[in-house]
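**Q** Mind looking at a prediction? Sequence and model below.
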Amino acid sequence: MNFIPYGKQHITSEDIQSVIETLESDYLTTGPKVKEFEEKVASFCGAKYCVAVSNGTAALHLASLVLLNKEDKVLTTPNSFLATSNAILYAGAKPLFIDIAEDGNIDLDLCEKMLQEDSSIKALYGVSFSGHMLQQEKLQYLKEKYDIVILEDNAHAIGAVYNGIKAGSCTNSEMSIFSFHPVKHLTTGEGGAITTNSQEMYEKLLVLRNHGMVKTPDMKPWEYEMKSLGYNYRITDIQCALGISQLKKLPDFIRRRVEIAKKYDKAFAGSIVKPLYTFDGTSSYHLYVVLVDFTKLTISKEEMFEELKKMHVGVQLHYIPINKQPYYKELGYGSEHTPVMDRYYQECFSLPMYPKMTHDQQNYVIESLFEVLK
Ligand SMILES: Cc1ncc(COP(=O)(O)O)c(C=O)c1O
């Protein structure tokens, strides 16, 4: 069996043709494909506006510059990729790490406790971990009751739907971000996007993406003005041509992921391998995460990773708690009371899942895992 990675892009000849056509066109950087991709992502998610950028981290950075002020306190999760809370720091604000709930997402009840205790908390950055959206009715409640700003990091969750609310629709948040890194649902190579329903925020994001430069019709042909400190976080037409082509296949990609999830759910039912959650129709399954209590086994997690690697099965770990990273410890983090996250971190790992994964590969992953854990 060839090596089975935990995630992998699915590029078709149609995708390649779209990129070639753009390479042969007049625009390589900011041209018609960027606008078309933005409109298609916005319409797919049911948001009014979309700004496509060079990667998901850039999306988080720009969103944070618009949403946060220096010193703002922001509730966030330790169970994410570094970029989520790094973006809070980029804006000069202060992440407050809250424990996770049993589904791997930030615990919104604990968030409410924090909001009751500290009325100076300004924002909540939640992650739709593994493709499982935040409980929307609780988000709406927190937003209305405590008047906080909400960002949904949907890097894992394009295509997810929670009680009819689509990931990225910003129904209960100011902004949502996506990543189009190759392991995600759809790819532009590197790439990301921000969605919002606020025209004012949309216009600020456009300016920040392009050096803070503004050019208005009344200006002389060579004139432009810089009124804020922006960046070059532009995405290219080449990348967006790929994104547009990939977006057409997204429902099919998600259907494949759900099929794999259901197969895993069935295989692990009643065993020592506990899925983080089983299929309930809401997750778009960027990841399939399982929990194993290694204290009850003779093999350690590290040994299991090694054994599976030898058998050509690539498992991965999502995530090391961000607040325990050396950089964060130097800032004084690391000793938050996060018992659920701590236990989760001991037990979790992610199994291979990607649209092109064959039935044989799925069976092989299941058999290899049971073989190693037995
Ligand atoms: C939850 C989450 N947020 C943000 C990012 C950053 O996205 P990118 O890698 O496109 O910068 C990632 C990427 O892995 C992620 O998983």
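**A** Yep, that arrived.

**Q** show me the contacts for Lys204.
**A** 66, 228 (Cβ atoms under 8 Å, 6 or more residues apart in numbering). Every residue, glycine included, has its C-beta placed from N, CA and C.

**Q** let's see it at 6 Å
**A** For Lys204, the contacting residues are Val66, by Cβ atoms under 6 Å, 6 or more residues apart in numbering.

**Q** can you check Val183 too?
**A** Taking Cβ under 6 Å, 6+ apart as the criterion, Val183 is in contact with Gly7.

**Q** That one looks like it's in a helix, true?
**A** No. Going by DSSP: H, G, I helix; E, B strand; the rest coil, the assignment for Val183 is coil, not a helix.

**Q** For the top helix by length along the chain, buried residues please.
**A** Counting by DSSP state H, the longest helix found in the chain is helix 237-268. In terms of neighbour count (16 or more other Cβ atoms under 10 Å), helix 237-268 has its buried residues at 237-247, 249-250, 253-254, 256-261, 263-264, 267-268.

**Q** and if you look at stretch 319-331?
**A** Buried residues in stretch 319-331 (16+ other Cβ under 10 Å): 319, 321-325, 328.

**Q** what do you get for stretch 77-96?
**A** 77-81, 83-88, 90-91, 93-96.

**Q** Keep these, but drop any that are not near the ligand.
**A** Among those, proximity to the ligand is found for 80-81, 83-84 (Cβ under 6 Å from any ligand atom).

**Q** Pick out the most distant pair among the residues you listed.
**A** Largest separation among those by Cβ to Cβ: Ser80 and Ala83, giving 7.7 Å.

**Q** if we can go back for a sec, closest to Gly230 among the ones next to the ligand among the buried residues of stretch 77-96?
**A** Ala83 (19.0 Å).

**Q** if I look at Phe349, how far off is Ile121?
**A** Computed with Cβ to Cβ, to the nearest Å, the distance linking Phe349 and Ile121 is 33 Å.

**Q** just how off-centre is stretch 160-167 within its chain?
**A** Relative to the chain's own centre, stretch 160-167 is displaced by 15 Å; criterion: Cα atoms, centre = their mean, to the nearest Å.

**Q** Now tell me what touches it from outside.
**A** The contact list for stretch 160-167, computed with Cβ under 6 Å, 6+ apart, reads 45-46, 128, 131, 133, 136, 154, 157, 171, 282-284.

**Q** among those residues, which one has the lowest pLDDT?
**A** Across the set of these, Thr282 stands lowest in pLDDT, at 94.

**Q** where does that residue land in three-state SS?
**A** Classification of Thr282 by three-state DSSP places it in coil.

**Q** burial count for it?
**A** When counting by other Cβ atoms under 10 Å, one arrives at 20 neighbours for Thr282.

**Q** what's the closest non-adjacent residue to Asp118?
**A** Leaving out its chain neighbours, the residue that sits closest to Asp118 by Cβ to Cβ, 6 or more residues apart in numbering is Lys73, at 7.0 Å.

**Q** Now the one you found: phi and psi?
**A** Taking degrees, to the nearest 10, you get phi -90, psi 130 for the backbone angles of Lys73.

**Q** neighbours of it, just the number please.
**A** Lys73, neighbours per other Cβ under 10 Å, totals 17.

**Q** Go ahead and list the helix or strand containing Tyr125.
**A** Element membership of Tyr125 [criterion: DSSP states H and E] is strand 121-127.

**Q** Restricting to C-alpha, output that strand in CSV.
**A** C-alpha atoms of strand 121-127 as CSV (Å, rounded to 0.1, in the frame of the first residue of the first chain):
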residue,chain,number,x,y,z
ILE,A,121,-14.2,41.4,27.2
LYS,A,122,-14.7,42.6,23.6
ALA,A,123,-14.7,39.7,21.3
LEU,A,124,-14.9,35.9,20.8
TYR,A,125,-12.8,34.1,18.2
GLY,A,126,-14.3,30.6,17.8
VAL,A,127,-13.1,27.8,15.4
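
**Q** hmm, that strand in reach of the ligand?
**A** Yes. Using Cβ under 6 Å from any ligand atom, strand 121-127 comes into contact with the ligand via Val127.

**Q** From the chain's centre, how far out is that strand? Work that out for me.
**A** Remark: strand 121-127 is offset 15 Å from the chain centroid, using Cα atoms, centre = their mean.

**Q** right, and the helix or strand after it?
**A** The helix or strand immediately downstream of strand 121-127 is helix 136-146, counting by DSSP H and E.

**Q** buried sites along that following helix?
**A** By neighbour count on 16+ other Cβ under 10 Å, the buried set for helix 136-146 is 136, 139, 142-143, 146.

**Q** Contacts made by it with the rest, please.
**A** Contacts of helix 136-146 from elsewhere in the structure, counted by Cβ under 6 Å, 6+ apart, are 108, 115, 150, 162, 165, 172.

**Q** OK, now which residue of the stretch 51-200 of the chain is nearest to the ligand?
**A** For the stretch 51-200 of the chain, the residue closest to the ligand is Gly56, as judged by Cβ to the nearest ligand atom, at 2.5 Å.

**Q** Contact partners for the closest residue to that residue other than its chain neighbours?
**A** Leaving out its chain neighbours, the residue that sits closest to Gly56 by Cβ to Cβ, 6+ apart is Ser179, at 2.8 Å. The contact partners of Ser179, by Cβ under 6 Å, 6+ apart, come to 56, 155, 192.
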